[in-house]
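Asker: what's the 3D shape of this:
(2 chains)
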Amino acid sequence: MTENIFTLLTQEVRGALAALVPDLPPEALARVQVEPPRDATHGDMATNAALVAAKPARMAPQKLAAALAEKLLALPMVVEATPAGPGFVNLRLDEDIWRAQVPVVLRAGEAFGNSTLGAGVRANVEYVSANPTGPMHVGHCRGAVVGDALANLMIKAGYDVTKEYYVNDAGNQVLALGWAAYWRYLRAVTLDADEWNAEATEQRFGTTLQYRGDYLVAVGDALAERFGEQIMARRIEPGMLAAEETVSAFAPALERGWLVRTNWLDTARETAVAMMMAEIREDLAKLGVTHDVFVSERALVEAGGVDAAITLLGEKGLVYQGVLEPPKGKTPDDWEPREQLLFRATSFGDEVDRPLRKSDGTGTYFANDIANHQHKVDRGFAELVHVWGADHGGYVKRMAAVVAALSDRRVSLDVVLTQIVQVVKGGEPVRMSKRAGTYVTLSDLIDEVGRDAVRFTMLTRKADAQMEFDLDKVVEQSRDNPVFYVQYAHARCRSVLRQAEATDAALVAGLDAAPLDALTDPAEMALIRRIASWPRSVEAAATAREPHRIAFFLQDLASDFHVLWNRGRDDSTLRFIRAEEPEATRARLALVAATATVIRSGLGVMGVTPVEEMR
RNA sequence: GUCCCCGUAGCUCAGCAGGAUAGAGCACAGGAUUCCUAAUCCUGGGGCCGUGAGUUCGAAUCUCGCCGGGGACACCA
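Answerer: Model (predicted):
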């Protein structure tokens, strides 16, 4: 863990305040903050300590600020402490304190910014969890990137993180997938696409083919290769059916004169799910997203997880048979009172109680999700985080209620919602349609603009803000493309270091011991301050569960660096490498190396690869 | 009708758990640039932070109402 100049100073200020006001309540002390003021002319740091303590201390804030300023001035790192405004104390720090952060960065490397904030708390971050019913498209992409970056961020902030994917391999969706795969199999094995066109198939089997995309052709082929004609549907001839066969046959098909065994459907479904998951994992790998754990919904259900969770809730007195009120406002046309098994979600802040079983007694999706969360609680996670699409926003309260109920309020659930991404090319929206060929897959997107551009761009907006993804802009090499701007800063750093090394390898050796007194220019000091604030940014972003802040930090850092670089164009004495000033050169190279290190540290959180040069 | 999210410069968006004179990029206006550190740079104008109250030393930030935009609203997943 790297020492953090901000937390260090906060402790000092709190200590000084406590000495000044001995009986100050701890709550007041906790509200004391030390942070860089908005307006840099106010100094390096400002504290609200006197404002916070004025009331409990029964002292005028300005007066307390003056006393505090005097006390803080005694600290070796503080060179100036002045009361200001309504009761702030502005602090100017010894510039050496700032410069001393440079070797701290160089010694820590990319670990600079790691924090103990999370205190090793076990956190489970679940994201992507796309249904295994087809390849990933751009809609899934944002959640994948946000989730992965958030998990990385929490790891950096000191949490013990498990990255998890919940596979929705139970329920009607994958059943429909099974049918579609079976249909593709029939076409493959009979080699007759006309005979087995979609409409004819639906009529023969009395079912609906929801998934007609080409991506299931490979599944059909695989089934055909493995089973040949073994699992083929058969037209029923008089007297051919054994009792055993009618039991295992899919009834609507049977009625229509076709034999389709349900275990064949299971096979088709399992094969399809396995192949889709393999493809999804490939896509994720392409995006650089990895998960530690894949949890199967089906496995949870088959292991009795749903019943166990409901039983547990029942033991807590949170389950009952009841009838829900119709929703306020517009009542659905087909609404009728139904008695169902309900979970008392209202006891945990939800608006209404939520159904655990449908009126026919089968489990709801919600019930399965309870098992999923029970599974997490059982594994000992103290904090659960989900990344969901914004269309699932209505689901948050009931899930939070369940987690609170299952864990007796010990485990927290945070849900990060991600808004829609609209892909744009040449000013025109790129249409997404699952049915037609204009389906923009994640894989296509990565092929088009590259993985790093995709990941970075997905983090340039707050997760719950809608985003336009402009295919032309994200590969543009200019100031207004943040991906380029940040990468370019890193490449420039590396270029300088390479050049220095080529000139004289001794220049770049042991930079963490280089004297830094030559770093005096305001642009250099601004860059150092930015670098020093990286640990603080990590903690703030992790606390808020907002990985996009890392992208913004990196843009600011890159900007500080580019400003310094540009100053060297006008004023050659500010260039990094100056043959006539070896000591200044060493100091600046140390700063450049530290800048590159922090950029790498930040890009690491985002899962973006830093480049060595722009080509 | 209920719940959730959003409303900040002409545009796209930040705003760090309430702080001092609200920021950045684009666009706009003026200026610099035979540099070699290519993929520009510097300066400037521009704002009732949707609106009305409240909380307090202090509100873009927290609370409530209203206006406007988006989303979700028995048994689907």
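Asker: domain ranges for chain A?
Answerer: As recorded under automatic domain parsing, the domains making up chain A are A:5-93, A:303-412, A:421-475, A:478-606.
Asker: buried residues, the host helix or strand of residue A:525. List them.
Answerer: Under the criterion of DSSP states H and E, residue A:525 resides in helix A:522-532. Using 16 or more other CB atoms under 10 Å as the test for burial, helix A:522-532 gives A:523, A:524, A:525, A:526, A:527, A:528, A:529, A:530, A:531, A:532. Where C-beta positions appear, they are placed from N, C-alpha and C, glycine not excepted.
Asker: and which of the residues you listed is nearest RNA strand B?
Answerer: residue A:523 (9.1 Å; CB to the nearest atom of the strand).
Asker: how about the helix or strand harbouring residue A:314 and RNA strand B, any contact?
Answerer: Here residue A:314, judged by DSSP H and E, is contained in helix A:305-315. No. Helix A:305-315 does not reach RNA strand B (CB under 7 Å from any atom of the strand); its nearest approach is 12.1 Å.
Asker: likewise stretch A:446-458?
Answerer: No. Counting by CB under 7 Å from any atom of the strand, RNA strand B has no neighbours in stretch A:446-458; the shortest distance is 11.3 Å.
Asker: who's in contact with that stretch?
Answerer: With contacts defined as CB atoms under 8 Å, 6 or more residues apart in numbering, stretch A:446-458 is touched by A:141-142, A:145-146, A:149, A:286-288, A:421, A:445, A:467, A:469, A:471, A:474-475, A:482-483, A:486-487, A:551, A:606-609.
Asker: buried ones among those residues?
Answerer: By 16+ other CB under 10 Å, these give A:141-142, A:145-146, A:149, A:286-288, A:421, A:445, A:467, A:469, A:471, A:474, A:482-483, A:486-487, A:551, A:606-609 as buried.
Asker: filter these down to the ones in helices?
Answerer: Judged by DSSP state H, the buried ones among the contacts of stretch A:446-458 include A:141-142, A:145-146, A:149, A:286-287, A:445, A:482-483, A:486-487, A:551, A:606 as members of helices.
Asker: does residue A:223 touch residue A:270 like I think?
Answerer: No. Using CB atoms under 8 Å, residue A:223 is not in contact with residue A:270, being 10.3 Å away.
Asker: so for these two, which sits in the more crowded spot?
Answerer: Regarding residue A:223 and residue A:270, a neighbour count based on other CB atoms under 10 Å identifies residue A:223 as having more, with 25 against 15.
Asker: tell me, how many residues neighbour the closest residue to residue A:148 other than its chain neighbours?
Answerer: Nearest non-adjacent residue to residue A:148, counting by CB to CB, 6 or more residues apart in numbering: residue A:289, 4.6 Å away. For residue A:289, the neighbour count with other CB under 10 Å is 25.
Asker: ok, back up a step: check the contacts of stretch A:446-458 one by one and keep those near RNA strand B.
Answerer: Within those, those near RNA strand B by CB under 7 Å from any atom of the strand are residue A:467.
Asker: which residues touch the residue in the stretch 151-300 of chain A that RNA strand B sits nearest to?
Answerer: Closest contact between the stretch 151-300 of chain A and RNA strand B, by CB to the nearest atom of the strand, is at residue A:171 (3.5 Å). Contacts of residue A:171 were listed using CB under 8 Å, 6+ apart, and they are A:297, A:365, A:368.
Asker: now do the contacts for the last one.
Answerer: When contacts are counted by CB under 8 Å, 6+ apart, residue A:368 is found next to A:170, A:171, A:297, A:300, A:301, A:306.
Asker: among those residues, which lie within helices?
Answerer: Those of these lying in helices (DSSP H): A:297, A:300, A:301, A:306.
Asker: determine which two of the residues you listed are furthest apart.
Answerer: A:297 and A:306 (9.7 Å; CB to CB).
Asker: state the phi and psi torsions of the residue of the stretch 151-300 of chain A closest to RNA strand B.
Answerer: Backbone torsions for residue A:171, taken as degrees, to the nearest 10, come to phi 100, psi -180.
Asker: near RNA strand B, which residues of the stretch 301-450 of chain A?
Answerer: Proximity of the stretch 301-450 of chain A to RNA strand B (CB under 7 Å from any atom of the strand) is limited to residues A:324, A:326-330, A:332, A:334-338, A:340, A:351, A:355, A:357-360, A:364-366, A:390-397.
Asker: need the distance between the two termini of stretch A:256-266.
Answerer: Length of stretch A:256-266, first residue to last, CA to CA, to the nearest Å: 20 Å.
Asker: list the buried residues of that stretch.
Answerer: A:256, A:258, A:259, A:260, A:261, A:264, A:265.
Asker: and for stretch A:586-603?
Answerer: Buried-residue list, stretch A:586-603, by 16+ other CB under 10 Å: A:586-603.
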